[in-house]
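S.K.: Sharing a model prediction with you, sequence too.
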Amino acid sequence: MKRVVITGLGAITPIGNNVEEFWKGIKLGKCGIDYIKSFDTTNFKVKLAAEVKNYNPEDYFDKREARRLDKFSQYAMIASREAWKDSKLDKEKENMEKVGVIVGSGIGGIETIETENKKCNEKGPDRVSPMYIPMGILNMATGNVAIDIGAKGESFAMVTACATGTHCIGEGFRMIKHGYQDVVIAGGTEAGITPLSIAGFTNIKALTKAEDKNRASIPFDKERSGFVMGEGAGVVILEELEHARKRGAKIYAEVVGYGATSDAYHITSPAPGGEGGARAMKLAMEEAGVTPEEITYINAHGTSTHLNDSYETQGIKTALGEEASKKVMVSSTKSHTGHLLGAAGGVEAIVCAKSIQEGFVPATINYKVPDEECDLDVVPNEGRNIEVKYAISNSLGFGGHNSSLLLKEYK
């Protein structure tokens, strides 16, 4: 079995359009939530989202290319370019047939789908863009990243709703661990802040209707009332350890465990007691050969919905046991970024890698009212400078998909 390390990071998020800006925002407790600016919300019950700020596609692509890429593909390419550059991998020196790509999305090119559907209904089918299909289908984030970077290894997209990014990184970890690839570009991307998407999530009662941006995404707080939609991408470069060492690569952290389970319970509600998430965490710890007492930090799924946060709390207690769960730090960075859906796991894996690298545990910001159902150390409002040896990143998706990544300090 091969060992797998993270050697590159790339992100575009509501609190920073690259990893440096994003991580600075996390450390400062920055909130990326505001009133939606990308469309008129007059007739919408939900007014807030966490949009990417100051984004101009022509800063990254020429005009023709930008017109042929849905925003979810643009975000994936931007984050992947940054991660690749950060890793200092050289296409001229690599066997690019051993470089894979797994960058998934929860809902893909929904902006394009909405635009072209309107054209079809109002102007007729002949007016639908010939680029509609290659812009809208979900695998095109991975396809465009592979083309952009020249990666010729295994290339596919996963979709497990809000667990997508974590599943993509976990499956990339397995591909390297078992010797199929030397390098995998893995993560998630999302650009779902559109009228149809906001309406759909509102009507399924998943989104908060709060209008105070500092009391909207409030994971583990007793007054939580739903999540806030976010957008962006988070991508990591996974690399086989000896391959990384031979070229003198910078190593952020080692991936040592991955657990993936299904609730087989309900399309939107997590299983009672968070038992599916608990099993995912246990599987990750078993693969890594670590005990619950060794876990320093858990970046929780922590969506700010009532059932998710209370059931995830129960799941953490089940997985770690009562004593270890009292000592572990559990925060949700969705309080900063909103919920990036399929991109959440990619962005939150970056948080865990940086936490390990810099010895810093992020806060759950805008936390005010403790909830007896969420009685963990949620790192309220202020991050902590503390050595992080092992960190878990949890993601739980509609459909009952659960995934947990376990990262450790590389020595």
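M.R.: The structure has been received and is ready for your questions.

S.K.: All the helices of the stretch 101-250 of the chain, residue numbers only.
M.R.: 110-123, 132-136, 140-149, 164-177, 195-203, 241-246 (DSSP state H, counting those that start in this stretch).

S.K.: name the helices or strands packed onto the last one?
M.R.: Helices and strands touching helix 241-246, by 3 or more CB pairs under 8 Å, 6 or more residues apart in numbering; DSSP states H and E, are strand 4-12. Where you see a C-beta, it was placed from the backbone N, CA and C, and this is true even at glycine.

S.K.: Of the helices of the stretch 101-250 of the chain, which stretch is the most buried?
M.R.: helix 164-177 (a mean of 28; mean count of other CB atoms under 10 Å).

S.K.: Now find how far off-centre that helix is within its chain.
M.R.: The chain centre lies 13 Å from the centre of helix 164-177; the measure is CA atoms, centre = their mean, to the nearest Å.

S.K.: same question, stretch 10-19
M.R.: Worked out by CA atoms, centre = their mean, stretch 10-19 lies 12 Å from the chain centre.

S.K.: For it, the averaged confidence score.
M.R.: Mean per-residue pLDDT for stretch 10-19: 98.

S.K.: how long is that stretch end to end?
M.R.: 6 Å (CA to CA, to the nearest Å).

S.K.: mind exporting the helix or strand hosting Gln357 as CSV, just the C-alpha atoms?
M.R.: Using DSSP states H and E, Gln357 maps to helix 344-358. Output of helix 344-358 as CSV, limited to C-alpha atoms (Å, rounded to 0.1, in the frame of the first residue of the first chain):
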residue,chain,number,x,y,z
ALA,A,344,-17.8,22.0,0.5
GLY,A,345,-15.6,18.9,1.1
GLY,A,346,-12.8,20.2,-1.2
VAL,A,347,-12.7,23.6,0.6
GLU,A,348,-12.9,22.0,4.0
ALA,A,349,-10.1,19.5,3.3
ILE,A,350,-8.0,22.6,2.6
VAL,A,351,-9.0,24.0,6.0
CYS,A,352,-7.9,20.7,7.7
ALA,A,353,-4.6,20.7,5.8
LYS,A,354,-3.8,24.3,6.7
SER,A,355,-4.9,23.7,10.3
ILE,A,356,-2.3,20.9,10.5
GLN,A,357,0.4,22.9,8.7
GLU,A,358,0.0,26.1,10.8
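
S.K.: nearest spatial neighbour of Cys374, skipping sequence neighbours?
M.R.: The spatially closest residue to Cys374, leaving aside those adjacent along the chain, is Phe220, at 4.1 Å (CB to CB, 6 or more residues apart in numbering).

S.K.: ok, back up a step: now the helix holding Gln357 and strand 4-12, what's the angle there?
M.R.: In terms of direction (axes from the mean of the first three to the mean of the last three CA atoms, to 10 degrees), helix 344-358 departs from strand 4-12 by 110 degrees.

S.K.: And helix 344-358, what's buried?
M.R.: By neighbour count on 16 or more other CB atoms under 10 Å, the buried set for helix 344-358 is 344-357.

S.K.: circling back to that earlier point, closest one to Tyr265 among the helices of the stretch 101-250 of the chain?
M.R.: helix 164-177 (18.1 Å; CB to CB).

S.K.: what inclination does the closest one have with respect to strand 4-12?
M.R.: 150 degrees.

S.K.: and the angle from helix 164-177 to helix 140-149?
M.R.: Using the same axes, to 10 degrees: helix 164-177 against helix 140-149 is 50 degrees.

S.K.: what's the burial count for the nearest residue to Glu294 once chain neighbours are set aside?
M.R.: In space, and not counting its chain neighbours, Glu294 is closest to Tyr390: 5.3 Å by CB to CB, 6+ apart. Neighbour count for Tyr390, taken as other CB atoms under 10 Å: 26.

S.K.: shift numbering so it begins at 40
M.R.: Got it, the first residue is 40 from now on, which makes the last one we talked about Tyr429.

S.K.: So Tyr429 versus Ser349, what's the distance?
M.R.: Taking CB to CB, to the nearest Å as the measure, Tyr429 falls 25 Å from Ser349.

S.K.: now Gly269
M.R.: 22 Å.

S.K.: Would you mind telling me which of those two has the busier surroundings?
M.R.: Between Gly269 and Ser349, counted using other CB under 10 Å, Gly269 has the larger neighbour count: 28 against 20.

S.K.: helix, strand or coil for Tyr297?
M.R.: strand (DSSP: H, G, I helix; E, B strand; the rest coil).

S.K.: residues in contact with it?
M.R.: By CB atoms under 8 Å, 6 or more residues apart in numbering, the contact set of Tyr297 is Ile208, Gly209, Phe212, Arg213, Leu322, Ala323, Glu326, Ser442, Ser443, Leu444, Leu445.

S.K.: any idea how far Phe399 is from Met214?
M.R.: 30 Å.

S.K.: one step back: taking the contacts of Tyr297 as a set, which two sit the farthest apart in space?
M.R.: Every pair of these checked by CB to CB; the farthest is Ile208 and Leu322, at 15.0 Å.

S.K.: Shouldn't Leu446 be within a strand?
M.R.: Yes - Leu446: assigned to a strand according to three-state DSSP.

S.K.: bridging residues for the closest residue to it other than its chain neighbours?
M.R.: Setting aside the residues directly before and after it, Leu446 is nearest to Ala292 in space (CB to CB, 6+ apart), at 4.4 Å. The residues listed as beta-bridge partners of Ala292 by DSSP bridges are Ile45.

S.K.: Kindly export the strand or helix carrying Val294 (C-alpha atoms) in CSV.
M.R.: Using DSSP H and E, Val294 sits in strand 292-301. C-alpha atoms of strand 292-301 as CSV (Å, rounded to 0.1, in the frame of the first residue of the first chain):
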residue,chain,number,x,y,z
ALA,A,292,-0.4,16.8,5.4
GLU,A,293,-0.8,13.1,4.9
VAL,A,294,-4.1,11.5,4.1
VAL,A,295,-4.3,8.4,6.2
GLY,A,296,-8.0,7.4,6.4
TYR,A,297,-11.2,7.6,4.4
GLY,A,298,-14.7,6.3,5.3
ALA,A,299,-17.7,6.3,3.1
THR,A,300,-21.2,4.9,4.1
SER,A,301,-24.8,5.2,3.2
